[in-house]
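# Based on what follows, work out the 3D shape:
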Amino acid sequence: QVQLVESGGGLVQAGDSLRLSCGNSRGTFERYGVGWFRQAPGKEREFVAGIRWNGFNTYYAESVKGRFTISRNNAKNTVYLQMNMLKPEDTAVYFCAAKVYGLGYLDAYDYWGQGTQVTIPS
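Predicted coordinates:
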C-alpha cells in the first residue's frame, strides 16, 4: 500500500531554493510513477513535474522548466523536487501523487499526499 508524505516546504525569499520530498511511509516506491502538483489560492491544481516509475523520463510544466528538477532515490523510497530561483508565483500548496508503473505525465494517479506549503513573498 501507499501513503504519501510530503515535506520540505516553507517560506523563502524570491530567488532562493527549496527541496521538496515525497515518500511512501508504508513501503517501497520503486514501481510508482510520481507527479508533483500545486494549487495556489483561488486557482485550480496544476501539474508541475513528473517522473516515470523507472526514472527514465521526466516532465515539467513550462512555467518551471530550467528552475525545477524532479528526481528519485528508490533506495530511500523518496522522490524529490528541487526548486531553484523561486518566484512569488510559485507560492502554492505542493502535492505529490503516485501511480503504479506510472509514466509520470498525464497519469490518473491513485494516491495523493496531504501537501506542503511553499510561500515566496512578493
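
# going forward, measure contacts and count neighbours with C-alpha atoms only.
Noted.

# Enumerate every residue touching the residue nearest in space to the middle of the chain.
Centroid-nearest residue in the chain: Trp36, 2.8 Å away (criterion: Cα atoms, centre = their mean). Contacts for Trp36 (Cα atoms under 8 Å, 6 or more residues apart in numbering) come out as 47-50, 81, 94-97.

# what's the distance between it and Leu103?
13 Å (Cα to Cα, to the nearest Å).

# which residues do these two both contact?
Contacts common to Trp36 and Leu103, judged by Cα under 8 Å, 6+ apart, are Gly50.

# which strand residues sit across from the residue nearest to the centre of the chain in the sheet?
Beta bridges link Trp36 to Ala49, Cys96 when assigned by DSSP bridges.

# any idea how far Ser122 is from it?
23 Å.

# again with Val100
Counting by Cα to Cα, the separation of Val100 from Ser122 is 38 Å.

# what do you get for Ile70?
25 Å.

# Who has more neighbours out of the two?
When Ile70 and Ser122 are compared for neighbours, Ile70 comes out ahead with 23 against 9, by other Cα atoms under 10 Å.

# Mind listing the residues bridging to Thr69?
Gln82.

# what number of residues lie near the nearest residue to Arg67 once chain neighbours are set aside?
The shortest distance from Arg67 to any non-neighbouring residue, by Cα to Cα, 6 or more residues apart in numbering, is to Asn84 (5.1 Å). By other Cα under 10 Å, 17 other residues sit near Asn84.

# Tell me how far Asn84 lies from Leu103.
Taking Cα to Cα, one finds Asn84 at 24 Å from Leu103.

# Helices of this structure, residue ranges please.
Read by DSSP state H, the chain holds no helices at all.

# all strands of it, in order?
Per DSSP state E, the chain carries strands over the ranges 4-7, 10-11, 18-24, 32-39, 46-51, 58-60, 68-73, 78-83, 92-100, 111-112, 116-119.

# Please convert those to JSON lines, extending it with mean pLDDT.
Below are the strands of the chain laid out as JSON lines (pLDDT from 0 to 100):
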{"stretch": "strand 4-7", "mean pLDDT": "96"}
{"stretch": "strand 10-11", "mean pLDDT": "98"}
{"stretch": "strand 18-24", "mean pLDDT": "96"}
{"stretch": "strand 32-39", "mean pLDDT": "97"}
{"stretch": "strand 46-51", "mean pLDDT": "97"}
{"stretch": "strand 58-60", "mean pLDDT": "97"}
{"stretch": "strand 68-73", "mean pLDDT": "97"}
{"stretch": "strand 78-83", "mean pLDDT": "97"}
{"stretch": "strand 92-100", "mean pLDDT": "96"}
{"stretch": "strand 111-112", "mean pLDDT": "96"}
{"stretch": "strand 116-119", "mean pLDDT": "98"}
